[in-house]
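>>> Sequence first, predicted coordinates after that:
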Amino acid sequence: MKKKTSMAIIFATVFIDLMGFGILIPILPTFASKNLGASDFEIGIVVASFSFIQFLFNPVMGKISDRVGRRPIILISLFVTAVSYLIFSFTTTFSILLFSRMLAGLGGSNIGVAQAYIADITSKEDRAKGMGMIGAAFGLGFLFGPLIGGLLANFSYAVAGFGAAGFSFIAFIFALLMLPESVKDKSSVKIVEFKLFDFKFIKTTMQHPAIGILILLFFIIIFSMANIYGTFSLLGYKVYNFSDQQNGYLFGVIGIVSTIMQGGVIRILSQKFEDRWLILFGSFFMMFGLGFLPYGGNFLGVAVVVTVLSIGTGILQPIILSMISKFAPEKDQGSIMGLNHSFSAFARVLGPLWGGFAFEMIGYQYPFLTGAVFTFITFLIGIFLLNSSKLQQK
């Protein structure tokens, strides 16, 4: 019962925080374009800056949480996130917007810690279900957040920023009052070495035959999706003439499907199919969705394609995360999950940079087609490498 309570609390914390994050997702590119006159590539830089800071600090947060506990890291990061959204509300220049997103990236470097929290309180058999719960919290955040963001943007972008800050601050208060610590055996609390890059640990982790391949797979998947982070809203705004509210509805579709997939369907699928088969299924759906996004034609067509895409990501992300967690030693859960999210954050840096450049310089279809091609690589890796005996279930 205690584990179920902890699971519910971390779920609620991530959900409320992600609602704040989701509020800005559909409106950030159009805000930068309309109000600040930013180019498509500059929008890519803004989106990438968030993930660049996560790339630097995700492994640091994870390693520190292994030693001092998950709770203090989660609390600090939630507070920093709330402050970043307040700064966004007062943004008048590109440099202030860039700073607010970098600060938000620092606050958002807690996802690996939240996943390590789940690993602390679940058995290996229930790990996929636990990671699916975090995924469902993401899905719900992306369901309600963009819908709220699209509505608030009708008043002003500043109001949307205040709304995002409010949700993150509520998450901070909720975690402060309700979230218990999950790490019982904190090691060497007095010796917390601050390293942005622990190359020895990175080398050791990536040389692990299973973990190294799985982190590579997760990197490719996130890069494929990150190509469209800044350009999906621009596709709706510039190509299909969608409003901020319509873009919000599309992100809401992503949230609904992701929640259904990661909140329940993934549990059923993981019982019926081996993990490596689910990676193949997820890659196929994701490849199809990304490839056809620029050819949706209208709102309904784009919504259908987005649904297919979300089925793919809803399968892939919790399965690969649960596999990484299963192979990771218990004492290094936070470190390895943090390292994985550092790599995925780097993918979120490269993706928006390429996506913004390709959208502006080559053609609006190319960020989406690039993602489809890289997802096909994931599909091939799934066929040729995941049959390795080294990647069998532990």
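Done, it's in.
>>> residue contacts, the closest residue to residue 12 other than its chain neighbours?
Spatial nearest neighbour of residue 12, chain neighbours left out: residue 174 (6.4 Å); criterion: Cβ to Cβ, 6 or more residues apart in numbering. C-beta here means a position set from N, CA and C on the backbone, and glycine is covered the same way. Listed by Cβ atoms under 8 Å, 6 or more residues apart in numbering, the contact partners of residue 174 are 9, 12, 13, 16.
>>> Would you mind putting the residues you listed into a markdown table with distance to residue 78, neighbour count and secondary structure alongside?
Below are the contacts of residue 174 laid out as a markdown table (distance: Cβ to Cβ, whole Å; neighbours: other Cβ atoms under 10 Å; DSSP: H, G, I helix; E, B strand; the rest coil):
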| residue | distance to residue 78 | neighbour count | secondary structure |
| --- | --- | --- | --- |
| 9 | 13 | 17 | helix |
| 12 | 12 | 16 | helix |
| 13 | 8 | 25 | helix |
| 16 | 9 | 24 | helix |
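>>> closest to residue 209 among those residues?
Nearest to residue 209 among the contacts of residue 174 is residue 13, at 34.4 Å by Cβ to Cβ.
>>> Ignoring the adjacent residues along the chain, who's closest to that closest one?
Nearest to residue 13 is residue 175, by Cβ to Cβ, 6+ apart, at 4.7 Å.
>>> Distance check, that neighbour against residue 119.
Using Cβ to Cβ, to the nearest Å, residue 175 is found at 18 Å from residue 119.
>>> out of those two, which sits in the more crowded spot?
residue 119 (26 against 22; other Cβ atoms under 10 Å).
>>> which outside residues touch the helix or strand that contains that one?
Assigned by DSSP states H and E, residue 119 belongs to helix 111-121. The contact list for helix 111-121 (Cβ under 8 Å, 6+ apart) reads 3, 6-7, 10, 13-14, 54, 58-59, 61-62, 65-66, 70, 73-74, 77, 127, 130-131, 133-134, 182-183, 321, 325, 328, 333-334, 337-342.
>>> pLDDT of the helix or strand following it, averaged?
Downstream of helix 111-121, the next assigned helix or strand under DSSP H and E is helix 127-152. For helix 127-152, mean pLDDT rounds to 76.
>>> and if you look at stretch 208-228?
For stretch 208-228, mean pLDDT rounds to 84.
>>> Give the buried residues for stretch 150-162.
Residues 150, 151, 152, 153, 157, 158, 159, 160, 161, 162 are the ones in stretch 150-162 that count as buried (16 or more other Cβ atoms under 10 Å).
>>> element containing the residue nearest to residue 280 when sequence neighbours are not counted?
Spatial nearest neighbour of residue 280, excluding adjacent residues (Cβ to Cβ, 6+ apart): residue 382 at 4.6 Å. Using DSSP H and E, residue 382 sits within helix 366-384.
>>> List the buried residues of that helix.
366-372, 374-379, 381-382.
>>> if we take these, which one ends up nearest to residue 294?
residue 368 (4.9 Å).
>>> Distance-wise, check the residue nearest to the closest one when sequence neighbours are not counted relative to residue 301.
The shortest distance from residue 368 to any non-neighbouring residue, by Cβ to Cβ, 6+ apart, is to residue 293 (4.5 Å). Using Cβ to Cβ, residue 293 is found at 10 Å from residue 301.
>>> So for the two, which residue has more residues nearby?
Applying other Cβ under 10 Å to residue 293 and residue 301 shows that residue 293 carries more neighbours, namely 24 against 14.
>>> can I assume the more buried one is in contact with residue 232?
Yes - taking contacts as Cβ atoms under 8 Å, residue 293 lies within contact range of residue 232: 7.5 Å.
>>> Please identify which helix or strand holds residue 71.
If you go by DSSP H and E, residue 71 is part of helix 70-89.
>>> tell me what that helix is packed against?
helix 2-24, helix 40-68, helix 94-107, helix 111-121, helix 157-178 (3 or more Cβ pairs under 8 Å, 6 or more residues apart in numbering; DSSP states H and E).
>>> got the contact list for the closest residue to residue 298 other than its chain neighbours?
Distance criterion Cβ to Cβ, 6+ apart; nearest residue to residue 298, sequence neighbours excluded, is residue 240 at 7.1 Å. Contact analysis of residue 240 by Cβ under 8 Å, 6+ apart lists 296, 298, 299, 302.
>>> List phi and psi for residue 240.
The phi/psi pair for residue 240 (degrees, to the nearest 10) reads phi -100, psi 0.
>>> Need the phi and psi values for residue 261.
According to degrees, to the nearest 10, residue 261 has phi -70, psi -50.
>>> oh, I was asking about residue 33
phi -70, psi -50.
>>> got a list of what it touches?
Contacts of residue 33 (Cβ under 8 Å, 6+ apart): 40, 43, 234, 237.
>>> How about residue 148?
Shown in contact with residue 148 (Cβ under 8 Å, 6+ apart): 19, 22, 23, 163, 248.
>>> List the buried residues in stretch 281-297.
281-294, 296.
>>> Report the distance from it to the chain centre.
Its chain's C-alpha centre and that of stretch 281-297 lie 19 Å apart, by Cα atoms, centre = their mean, to the nearest Å.
>>> Please write out the alpha-carbon positions of it in PDB.
What follows is stretch 281-297, C-alpha atoms only, in PDB (Å, rounded to 0.1, in the frame of the first residue of the first chain):
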ATOM      1  CA  PHE A 281       6.000  -2.300 -33.400                       C
ATOM      2  CA  GLY A 282       6.600   1.100 -31.900                       C
ATOM      3  CA  SER A 283       9.300   2.000 -34.400                       C
ATOM      4  CA  PHE A 284       7.000   1.100 -37.300                       C
ATOM      5  CA  PHE A 285       4.100   3.300 -36.000                       C
ATOM      6  CA  MET A 286       6.400   6.200 -35.200                       C
ATOM      7  CA  MET A 287       8.100   6.000 -38.600                       C
ATOM      8  CA  PHE A 288       4.700   6.100 -40.400                       C
ATOM      9  CA  GLY A 289       3.500   9.000 -38.300                       C
ATOM     10  CA  LEU A 290       6.500  11.200 -38.700                       C
ATOM     11  CA  GLY A 291       6.700  10.600 -42.500                       C
ATOM     12  CA  PHE A 292       3.100  11.600 -43.100                       C
ATOM     13  CA  LEU A 293       2.800  14.600 -40.800                       C
ATOM     14  CA  PRO A 294       3.600  17.200 -43.500                       C
ATOM     15  CA  TYR A 295       1.100  15.600 -45.800                       C
ATOM     16  CA  GLY A 296      -1.900  15.500 -43.500                       C
ATOM     17  CA  GLY A 297      -3.700  18.100 -45.700                       C
END
